[in-house]
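[1] sharing a model that was predicted from the sequence below.
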Amino acid sequence: MSATASQVQVTMVVLPLLIIKPPLTRAGFLLSKSRDCRWIPARTAFNQTGIWEPKLTLQVKQDLEAYWKPILHNVKHRQGSRGKYYVLSMFPYPSGKLHLGHVRVYAISDSMARMRKLQGYEVIHPMGWDAFGLPAENAAVEKGMPAHVWTESNITHMRQQLINMGFDFDWDREVRTCDPAYYRWTQHLFLQLWDAGLVYQKEAFVNWDPVDQTVLANEQVDENGRSWRSGAVVEKKLLKQWFIKTSEYAAALQEGLATVPSNWFDVVDLQRNWIGEITGHRVKIEVWDAQRTKAVDTVSVFTDNLPGLLGTAFLTVPPDHEMCAKHRSENAQSLDVACRNPLTGEFFPVFVVEETQRRTVGLDPEARFGVPNLNEADADFAASHSVTWRSFLTADGLIAKGFVGLSGMSMSAAAAKIVADGKEFISTPISSKCKDWLISRQRYWGTPIPLVHCAGCGHVPVAAEDLPVKLPLLESISSRGGSLLAQQVDWVNTVCPKCNGPAKRETDTMDTFVDSSWYFLRYLDPKNESVPFSREAAMAGMPVDLYIGGKEHALMHLFYARFIGYFLHRQGLLPQPEPFDHLLSQGFVQGKSYQDKVTGRYLTASEVEIVGGKTVGKGTGNEIVEEWEKMSKSKMNGLDPDDAVAEYGIDATRLFMLGNVAPRSHRRWDPFRKSSLF
């Protein structure tokens, strides 16, 4: 059978399911494009019926897709000689249904994976599920369904949606972060960080969501001080929290941005601003009681002038600093404690000063050293508060006599000596705004922190052979938020791994960003029961060659994943510190929204009409504000991918996601454009 090009309405080569090309034939044979121009048996999309359909109707497309889908999914590509190519799309949260934003991401990754396979690469193209998180816990309350059942049901449905869309993922690599076989290794990674001295607990002010009853990162609080999820006004609360010392890698992570490809574009700037300019160090200062008989606390203070510690006469803190909550005094202008200088051993007072709040909105309140010898304003403050101080510099700017080991040195030489000698209280180089990673979450549906609290031994890590610390699968949750794990007495009460005495498990769970900070590594060795991934698998598969996902994840997720990459590289487990090579931050899929100008309520397209050339609400006549906005349930402008496929077919839906708009640009779901394209 042969056909002319005019008989063919659509040609799709990149999208795999609908391949309709008029064959160049000779007596039932097709001319090969190989170098020897061999003639091979002809195959066309209509070999099953032998009839070339004159019109590409929806039914014809669906028949073609149904025929080719299982064939294409079972194609075994010859192992390529051009090396590996790891294409990774950010794994989804199993909310229940895919949205068109997912379709766009996966259409991009699937096309790139297929192209690289045809070019002779050995392609890694996995899929999994970022399956822990608060929505499952809240759904358990609202729907009366256990969190694990709700999550598994959603995964089953969304996996089938992906298969129905024709995406060719390596399903044998599939992972779920809520699976004990996965979070066993998340806990293992936590213990590696613990052994490296990068995990600590301290009391700190946190953003507290009073509705969901959990901690929020600064980035999860909007410009109005409300929770990104519940909408509640966020409160400040003093809690003991677990932190990972990401600040130890701040300088390395900042320097590493100079090595990433140019196609990271402004993501490099986002990361640089997140880390901040590396200009100084944090100094760990002991806080002693008013009688100066014992240390009762510590405080971390940033300085860009370490030798200035020699002349520190006082410390100032803003009224909202954690020290004010923990060490209140009758005098509103000072705290009833003293700080001990780690260089001189001398004590200096702490004052509460409003002007200390010289910081960007959203950043945590900072303490500040007062050094009268270097700052005229500090000298005036010391005089007005009867604080005595001494000069630590000579007339020619050298360190004065009386400072053992530093006297006679220049400021720069003294700074280098202090860093070399003061490792126990001086941080690595850092910016003034870079903070450690707060991973504690007061919720149930998350990875348990593998620590126990023993009255005699303190915090003790669970032995590696006893991992995972399994999350109890609760059949019912009667209230939203709070520490549900603390209520599971049989689970909480345990034995200390060190002394075998009675102990209690940690009841906070980990931030879900910990789960997603290393998932791309588990994909490389998903069935390994001995280690999270073998060194051989990582050396062969890393780095990720192309990482595709939303720009909204270009800060926290990307930073934490880069941190883990740098940490594991220092452990000798990765071939390079940067886990991702090329980065593609795709634009949003936008739908037209209709907002009633009078009530502010969002309406569906079926609830508006055109009257006299103007869009108004049906039945109300109210003027409607039309905007192209990111698809969302709240704005009533979303579309279920299943509905799009039912109306246009798989390949047409995917082609519209890829066609005539650059991947980084926003994609409008416009029926008028679709009709012209299809």
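    Perfect, I can see it now.

[2] relative to Thr428, how far out is Asp508?
    27 Å (CB to CB, to the nearest Å). Every C-beta, even on glycine, is put in place using the N, C-alpha and C of the backbone.

[3] same check, this time on Leu315
    Counting by CB to CB, the gap from Leu315 to Thr428 is 22 Å.

[4] likewise for Asp421?
    15 Å.

[5] pLDDT weak spots in the stretch 301-450 of the chain?
    In the predicted model of the stretch 301-450 of the chain, residues 355-364 satisfy pLDDT under 70.

[6] try 50 this time
    The model of the stretch 301-450 of the chain has pLDDT under 50 over residues 357-362.

[7] where do the strands of it begin and end?
    For the stretch 301-450 of the chain, the strands defined by DSSP state E, counting those that start in this stretch occupy 314-317, 334-340, 347-352, 368-370, 437-438, 440-441.

[8] from the chain's centre, how far out does the longest one sit?
    Taking CA atoms, centre = their mean, to the nearest Å, one finds strand 334-340 lying 38 Å from the centre of the chain it belongs to.

[9] quick check: buried residues in stretch 102-111?
    Neighbour counts over stretch 102-111 (16 or more other CB atoms under 10 Å) mark 102-111 as buried.

[10] columns secondary structure, pLDDT and distance to Asn493 on top of those, output as CSV?
    Formatted as CSV, these follow (DSSP: H, G, I helix; E, B strand; the rest coil; pLDDT from 0 to 100; distance: CB to CB, whole Å):
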residue, secondary structure, pLDDT, distance to Asn493
His102, helix, 91, 42
Val103, helix, 93, 47
Arg104, helix, 93, 49
Val105, helix, 95, 44
Tyr106, helix, 96, 45
Ala107, helix, 95, 50
Ile108, helix, 96, 50
Ser109, helix, 96, 46
Asp110, helix, 95, 49
Ser111, helix, 94, 53
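
[11] which of these sits closest to Arg522?
    Nearest to Arg522 out of those is Ser109 (CB to CB; 17.8 Å).

[12] right, and Lys61 touches Ala652 too?
    Yes. The criterion here is CB atoms under 8 Å, and Lys61 meets it with Ala652 at 6.8 Å.

[13] what about the two, which has more around it?
    Neighbour count, other CB atoms under 10 Å: between Lys61 and Ala652, Ala652 has more, with 24 against 21.

[14] wouldn't the more buried one be in contact with Leu64 here?
    No. Ala652 is beyond contact range of Leu64, at 11.3 Å (criterion: CB under 8 Å).

[15] about what we covered before: between Asp421 and Thr428, which one's more packed in?
    Just comparing Asp421 and Thr428: by other CB under 10 Å the higher neighbour count belongs to Thr428, 16 against 12.

[16] show me the contacts for the more buried one.
    Listed by CB atoms under 8 Å, 6 or more residues apart in numbering, the contact partners of Thr428 are 247-251, 281.

[17] show me the two of those that sit farthest apart.
    Using CB to CB, these span at most 14.3 Å, a distance reached by Tyr249 and His281.

[18] of all the strands of the stretch 301-450 of the chain, which one is nearest Pro146?
    Nearest to Pro146, of the strands of the stretch 301-450 of the chain and by CB to CB, is strand 440-441 at 19.1 Å.

[19] which residues make contact with the closest one from outside it?
    With contact meaning CB under 8 Å, 6+ apart, strand 440-441 is reached by 214-215, 239, 241-242, 449, 508-512.

[20] make it 10 Å
    132-134, 201, 204, 206, 214-216, 239-243, 446-447, 449, 483, 506-512, 514 (CB atoms under 10 Å, 6 or more residues apart in numbering).

[21] emit the PyMOL select command for whichever of those are buried.
    Remark: buried members of the contacts of strand 440-441, expressed as a PyMOL selection using 16+ other CB under 10 Å:
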select buried, resi 132+133+134+204+206+214+215+216+241+242+243+446+447+449+483+506+507+508+509+510+511+512+514
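
[22] in helices only, show me the contacts of strand 440-441.
    Members of these lying in helices (criterion: DSSP state H): 134, 512, 514.

[23] distance to Leu98 for these - can I get that in a markdown table?
    Listed next are the ones in helices among the contacts of strand 440-441 as a markdown table, based on distance: CB to CB, whole Å:
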| residue | distance to Leu98 |
| --- | --- |
| Leu134 | 20 |
| Thr512 | 19 |
| Val514 | 25 |
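
[24] which one of these sits closest to Gly166?
    Nearest to Gly166 among the ones in helices among the contacts of strand 440-441, with distances taken as CB to CB, is Thr512, at 29.2 Å.

[25] quick one, grab the pLDDT at that closest one.
    Here, the pLDDT recorded for Thr512 equals 95.

[26] could you check how far it is from Met158?
    Distance from Thr512 to Met158, by CB to CB: 17 Å.

[27] how about Glu142?
    Separation of Glu142 from Met158 (CB to CB): 19 Å.

[28] the more surrounded of these two?
    Using other CB under 10 Å, the more surrounded residue of Glu142 and Met158 is Met158, with 20 against 11.

[29] and the next helix or strand past the host helix or strand of the more buried one?
    Here Met158 is covered by helix 147-164, with elements defined by DSSP states H and E. Remark: after helix 147-164, the chain's next helix or strand is strand 170-176, criterion DSSP H and E.

[30] output the contacting helices and strands for that next one.
    Packing partners of strand 170-176 (3 or more CB pairs under 10 Å, 6 or more residues apart in numbering; DSSP states H and E): strand 122-124, strand 126-129, helix 147-164, helix 180-195, helix 519-522.

[31] direction included, what does the first one pair up with?
    The reference is to strand 122-124. Strand pairing for strand 122-124, using DSSP bridges, gives strand 84-89 (parallel).
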